[in-house]
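[1] The following block contains a protein sequence and its predicted model.
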Amino acid sequence: MSIKTSGGCSTQKRRAIGISSDPIVVFGRSTMFFLALAVDFDGTLASEGLVAAETFAALRRLRESGRRVVLVTGRELRDLCTHLSDLSIFDRVVAENGGVLLDPANGRRTILGAPPPAEFVERLRRRGVDRISVGEVVVATWEPAEQVALEVIRTMGLELQVVFNKGAVMILPTGIGKASGLQAALHSLSLSPHNVAAVGDAENDHALLRASGCGAAVANATESLALQADLRLRGRNGAGVVELVDRLLAEDHALVPPGRHGIALGKDPNGREILIQPFGESLLIFGSSGCGKSTFATALAETFAARRYEFCVIDPEGDYVDLEEAVSIGTLHTPPPMREALRLLQDDSVNLVLDTQALTLAERRATCAPVLQHLADLRASTGRPHWLLVDEAHQLFSETGTPMPTPPPAMIALTAYPESLSLDALHRFDAVVALGVDAVDRLSVIGHRLGRSSIFENAGASAGDAFFWRPRSDLAPVPFERIRPVQDHKRHQGKYAKGDVGWEHSFWFRGPVNALNTPARNLYHFVDLAIEMDDAVWEHHLRAGDYSAWFRRVIGDEDLAREAERIERDPAVPPQQSRQRIRKAIWRRYAAPAGDAG
């Protein structure tokens, strides 16, 4: 990749445009989902190389709404400038079918690929191809020269691709196309492809539409492109662009069907997917400890990553530090550095976990309040992160806790204590998932607080341990089969490693004659006490299977329990070795204290 600042069309410095109103109103403040439009030139924006005044006016209206406009064309910049003397109406220009990126505000040109060797062009000419245009990356000609081009590529052993565009033939490096060019443009604007609508008309626009969050085809588009598009516009060329702009301004995310961006939570009894949307929609998930809240959230995070939705997790218990798709900052003993967190949030390729285990509740609230507002502001301007996941939400959003950010990001909040959430926080959630055998009873309590008791009075009994409910609808909660994660979930590392499981749930070292009465209130304490116990006490509990029973029933870690059982059932293992093996089994799953990892 190389960067140039010379040449190109005349440019103008443009003023920053603030985000204005749009049809999505979330809790009294407006926000937008589609933040940019990517538009093809020939056959889309322009007809016979000319752009109508009405089309320019529509682009200006779009930019005045706070949205960006990206021109994505197969033309070379010098050729484009013969038709458009001023490119300042565009925030970025992708030329040469993804090979060149221009910032019209400052004339900065970035070359996104290596051009074919000069010998390639010479061989084409020697083979009789005389209509050739050589750009900074692209070599362009016309049909039927593609056969000669392919033969020369094969003869020279080059890694090049041939792209068609209504009779035009473009030869480009492999991997260069309108989709890659759009990605480079969006990266420079700190935007995600999910938050971009794109419109085109020809063969080389397929990848452009696939790379966007909403793909539209003008009425004169090829049939194959129209079949792929989310929207088939009625207008031809520029009139179709005007139509799309008007619909973006009026409808925004409602342009596309729910399944296009929806995240599946699971399926209802009829096999239909239950979806939530990244359009500012917030979800509350609650249930008693051990019902699978964090495992469910892990499955959702996997879905976000697979669909390339960026997310941020506020993790007070260390449940998500090992998410394979995310970067975690903060540890059991060290708070997450907020300056680094804010820097990482600006990166459009990073999913972030803020591990706040080292903070007290007061510190957590004081730290998270500005972070939450920063996330809300960042999402309003860039669309990212698409999802915010807050575990142990009652710690932040109680009556005396942190206020919800305005406008709130698309949030998934998890808690075992929904009754502790403030009424204001409860009103912010568009959907609720209740887990556990008492799910419906606890939902009815929430319904009563929200003034929706009548729904539960009229609802019949339902079996199941997972229910989905939209509090603003008149429908009763629906049982559903939730999605499951692929990766193993490590649950409550902080809580069980260094927290307090409570007097009644502690492990009690008593020995064979009940001479002791010493409780271990967490796993670290258990390891420390195990070292202090004499062999007779240790062996008594080992051979009785007490360790595996505690790991299973209190810690809730079946994998750790099974490993402990294998040690308990080995009559030949000496006490010192069994202590060491169980200690290491704990530390593999729950980060060892500094200096104790041996």
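    Yes, it's here.

[2] Quick one: find the helix or strand in the protein with the lowest mean pLDDT.
    strand 24-26 (a mean of 28; mean pLDDT, DSSP states H and E).

[3] so residue 338 makes contact with residue 369?
    No. At 11.3 Å, residue 338 does not count as touching residue 369 under the criterion of CB atoms under 8 Å. Every C-beta, even on glycine, is put in place using the N, C-alpha and C of the backbone.

[4] Helix, strand, or coil at residue 349?
    Using DSSP: H, G, I helix; E, B strand; the rest coil, the structure places residue 349 in coil.

[5] quick one: it from residue 375, how far?
    Note on residue 349: its distance to residue 375, by CB to CB, to the nearest Å, is 17 Å.

[6] repeat for residue 566
    44 Å.

[7] Between those two, point out the one with more neighbours.
    Set residue 566 next to residue 375 and count neighbours by other CB atoms under 10 Å: residue 375 wins out with 24 against 12.

[8] what's the more buried one in contact with, if anything?
    Neighbouring residues of residue 375 by CB atoms under 8 Å, 6 or more residues apart in numbering: 312, 345, 385, 388, 405, 409.

[9] What sits closest to residue 453 if chain neighbours are left out?
    residue 447 (5.6 Å; CB to CB, 6 or more residues apart in numbering).

[10] Just confirm the one you found is within a helix.
    Yes. Counting by three-state DSSP, residue 447 is found in a helix.

[11] Quick check, pLDDT for it.
    At residue 447, the model reports a pLDDT of 92.

[12] what's around it, how many residues?
    Neighbours around residue 447, by other CB under 10 Å: 22.

[13] With the one 4 residues further on instead?
    Close neighbours of residue 451, defined as other CB under 10 Å, add up to 10.

[14] Can you verify it is assigned to a strand?
    No. Assessed with three-state DSSP, residue 451 is coil; it does not lie in a strand.

[15] Do me a favour and average the pLDDT over stretch 293-306.
    Average pLDDT, stretch 293-306: 91.

[16] list the buried ones in that stretch?
    293-305 (16 or more other CB atoms under 10 Å).

[17] Contacts only, for residue 438.
    Residues near residue 438 by CB under 8 Å, 6+ apart: residue 288.

[18] change it to 10 Å
    Residues in contact with residue 438 (CB atoms under 10 Å, 6 or more residues apart in numbering) are 287-288, 291, 445, 465.

[19] ditto for residue 205
    With the criterion set at CB under 10 Å, 6+ apart, residue 205 makes contact with 38, 40, 43-44, 72, 74, 165, 178-179, 198-199, 215, 217-218, 221-222, 225, 228-229.

[20] Would you mind measuring from it to residue 164?
    Distance from residue 205 to residue 164, by CB to CB: 11 Å.

[21] Please apply the same query to residue 210.
    Note on residue 210: its distance to residue 164, by CB to CB, is 17 Å.

[22] now do residue 572
    73 Å.

[23] Which one's more surrounded, those two?
    It is residue 164, of residue 572 and residue 164, that has more neighbours when counted by other CB under 10 Å, with 13 against 5.

[24] Give me the secondary structure label for the more buried one.
    Three-state call for residue 164 (three-state DSSP): strand.

[25] That one pairs with what?
    Beta-bridge partners of residue 164, counted by DSSP bridges, are residue 169.

[26] low-confidence ranges in this protein?
    For the chain, the stretches with pLDDT under 70 are 1-30, 407-408, 458-462, 487-499, 591-598.
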